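*Asks:* Give the three-dimensional model of this entry:
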Amino acid sequence: MKAKSIVLNAFLRGVTLISKFAIMLLLAKEFEVVEFGTLSLSIAFITLFAYLIGFEIHTHTLSEISRISEENTSLRFSKGLLKVAIIGVLLGPLVFFVSTLSGLSESLSFLVAITSISEALCAQLNWYLTYQNRQILASVVLFFRSTAWGVAIFIASFSFGINMSTKVALQFWFLSSTLVFALAFISSMKPKIDDVVKWFCWSGLSKSIKYAFPLLISILASRALFSVDKIVIESLINIEQLAVYSLFVTLGYATMSLIDSTITVFNYKKILTVVSNHNENSFRLYRGLIVTSLLTATIVSLVGSMVMIYIVRYFDDGVYSSSISVLSFVVLPFVFFSTSSISNHFLFGLGLRKQHLIINLLGVGSFVSITYLCSLIKSVDLEDVCITLLFVSICQLIFRSVTIYRKLNKVDDKTFIGA
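*Replies:* Predicted coordinates for the structure are as follows:
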């Protein structure tokens, strides 16, 4: 049964990733290069702000659920959704201000803000489905969240003559995300709205924020790199190269998501069990999962790169096809980044949140500082940015592995290789 679930879940994630890639490729083909770069920058902001608004509220919700009866699970998650919504309303003006300051128009900044809120709510709901061991339904929800807006914009364009633009794309994204959330909420959550409001209290929101804040900083630090990279490229190079990077990096994101949805998700309980015992098998499990992830990510990246080269050269004869030589530089760092979810689960399970935060902050800081220092010496190009990302990804994997090894083995006389 587990094998069938893994295969089906991997299939759904694979379909989602292929659909997302196809949509991004078609948008890159239909949009002007500068417009596609603007869309990519907007997506980067939404991704980052959705994590901020989500505030890792689900971590506090899960800790509460572990101490209550099963029948109250739905109510607790519903309260968590309400907390996320309130945080979204409070932080919405900040999201709008930062987006506007970055150069986006006011209308785009508003769409970034409301879409970030919608995505944060959907993420909270996905955690509920995952907790309920409904990974398949969670993957279905993710599929419609990720692809419905892209399909809708092409239907609207070809059927009704609507001009494609970043604004239209974000409008469809917000509408599809909100609709999917509403349908999934109605079909999966039991409590009535009146019950949620009745049992909600501001002190509970404050408690959740205090509980989740340290973890939020850690998660933001780990995820910020995948938004900061685009901001740095737009700042130091140009919007056209950002468009190129944003198209090619979809393969890297696909690789990370595939590893997370298969190897990580279906070994999560085993990871928690093993690290809680701290026995001789703990690091052996970690090492095995890391090696499996690296091998799988390498194969996926190689196959995906060959397919992408063919598709890009077939569909495009402009800036994307002329920049195809940089594809390997863009994808390679994500082979190592794909192991981060496994490392993070081990670090959290071992109570090493402080070390997790430091490693991620050093990663973001190193990437930004090295890239900007290089810009003072020479004209930075896309390859320079990707090589810096590769350096950061390898260093983070090494630091995480050494930290986990030292904790599990309490720095005894065992060798690292023979642990």
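
*Asks:* Helix or strand, whichever it is, which one in this structure has the lowest mean pLDDT?
*Replies:* Least confident helix or strand, the chain: helix 193-199 with a mean of 50, by mean pLDDT, DSSP states H and E.

*Asks:* nearest residue to residue 270 other than its sequence neighbours?
*Replies:* Closest residue in space to residue 270, ignoring its immediate chain neighbours: residue 285 at 7.1 Å, by CB to CB, 6 or more residues apart in numbering. In short, each C-beta sits where N, CA and C put it, glycine included.

*Asks:* so the one you found touches residue 263, yeah?
*Replies:* No - using CB atoms under 8 Å, residue 285 is not in contact with residue 263; the gap is 11.7 Å.

*Asks:* any shared contact partners between those two?
*Replies:* Counting by CB atoms under 8 Å, 6 or more residues apart in numbering, residue 285 and residue 263 have no common neighbour.

*Asks:* quick one: contacts for the residue lying closest to residue 166 once chain neighbours are set aside?
*Replies:* Distances taken as CB to CB, 6+ apart put residue 39 closest to residue 166, at 4.4 Å, once the chain neighbours are dropped. With contacts defined as CB under 8 Å, 6+ apart, the neighbours of residue 39 are 27, 31, 166, 169-170.

*Asks:* any chance of those in a markdown table, with distance to residue 134 too?
*Replies:* Listed next are these as a markdown table, based on distance: CB to CB, whole Å:
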| residue | distance to residue 134 |
| --- | --- |
| 27 | 31 |
| 31 | 36 |
| 166 | 34 |
| 169 | 30 |
| 170 | 29 |
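
*Asks:* What is the nearest of these to residue 103?
*Replies:* residue 166 (12.2 Å; CB to CB).

*Asks:* Might you report the residue contacts of the closest one?
*Replies:* By CB under 8 Å, 6+ apart, the neighbours of residue 166 are 31, 35, 38-39, 42, 108.

*Asks:* Name the nearest of the residues you listed relative to residue 318.
*Replies:* Closest approach between these and residue 318, by CB to CB: residue 31, at 11.7 Å.

*Asks:* picking that back up, max pairwise distance over the contacts of residue 39: which two?
*Replies:* Across the contacts of residue 39, no pair lies farther apart than 31 and 170, at 12.9 Å, counting by CB to CB.

*Asks:* Compare these two (neighbour count), which wins?
*Replies:* Per other CB atoms under 10 Å, whichever of residue 31 and residue 170 has more neighbours is residue 170, with 23 against 19.

*Asks:* Quickly find the element holding the closest residue to that one other than its chain neighbours.
*Replies:* Nearest in space to residue 170, with sequence neighbours left out and distances taken as CB to CB, 6+ apart, is residue 111 at 3.9 Å. If you go by DSSP states H and E, residue 111 is part of helix 106-131.

*Asks:* Check residue 406 too.
*Replies:* Going by DSSP H and E, residue 406 is part of helix 382-409.

*Asks:* which strands and helices sit next to that helix?
*Replies:* In terms of contacts (3 or more CB pairs under 8 Å, 6 or more residues apart in numbering; DSSP states H and E), helix 382-409 is packed against helix 202-236, helix 239-259, helix 281-315, helix 327-337, helix 340-349, helix 353-377.

*Asks:* So the spatially closest residue to residue 313 that is not a sequence neighbour, which state does it fall into?
*Replies:* Beyond its immediate neighbours in the sequence, the residue positioned closest to residue 313 (CB to CB, 6+ apart) is residue 321, lying 5.1 Å away. Secondary structure, DSSP: H, G, I helix; E, B strand; the rest coil: residue 321 is helix.

*Asks:* low-scoring stretches of the stretch 251-400 of the chain, by residue?
*Replies:* 265, 268-269, 272, 276, 278-280, 317 (pLDDT under 70).

*Asks:* go on, the stretch 101-250 of the chain?
*Replies:* The model of the stretch 101-250 of the chain has pLDDT under 70 over residues 131-133, 135, 188-216, 218-219.

*Asks:* isn't residue 344 right next to residue 221, touching?
*Replies:* No - between residue 344 and residue 221 there is no contact under CB under 8 Å: 10.9 Å.

*Asks:* Helix, strand or coil: sort out residue 351 for me.
*Replies:* Here residue 351 is coil, with the state taken from three-state DSSP.

*Asks:* change the start of the numbering to 13 and stick with it
*Replies:* Yes, from this point I'll number from 13; that puts the last item at residue 363.

*Asks:* Next up, phi/psi of it, please.
*Replies:* phi 70, psi 20 (degrees, to the nearest 10).

*Asks:* Tell me, how many residues neighbour it?
*Replies:* 11.

*Asks:* wait, residue 258 sits on residue 48?
*Replies:* Yes - under the criterion of CB under 8 Å, residue 258 makes contact with residue 48 at 7.2 Å.

*Asks:* Could I get the contacting residues of the closest residue to residue 355 other than its chain neighbours?
*Replies:* By the measure of CB to CB, 6+ apart, the closest residue to residue 355 outside its immediate chain neighbours is residue 412, 4.0 Å from it. Contacts for residue 412 were tallied using CB under 8 Å, 6+ apart; they are 352, 355, 358-359, 368, 371.

*Asks:* Provide a ChimeraX selection command restricted to the buried entries of those residues.
*Replies:* To isolate the buried members of the contacts of residue 412 in ChimeraX, using 16 or more other CB atoms under 10 Å:
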select :352,355,358,359,368,371
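
*Asks:* Just the closest of the contacts of residue 412 to residue 149, please.
*Replies:* Looking across the contacts of residue 412 and measuring by CB to CB, the closest to residue 149 is residue 352, at 25.5 Å.

*Asks:* do you know how far the closest one is from residue 407?
*Replies:* As for residue 352, its distance to residue 407 is 12 Å (criterion: CB to CB, to the nearest Å).

*Asks:* Please convert the contacts of residue 51 to CSV, extending it with secondary structure and distance to residue 152.
*Replies:* Shown next, in CSV, are those (DSSP: H, G, I helix; E, B strand; the rest coil; distance: CB to CB, whole Å):
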residue, secondary structure, distance to residue 152
39, helix, 23
43, coil, 28
178, helix, 28
181, helix, 23
182, helix, 23
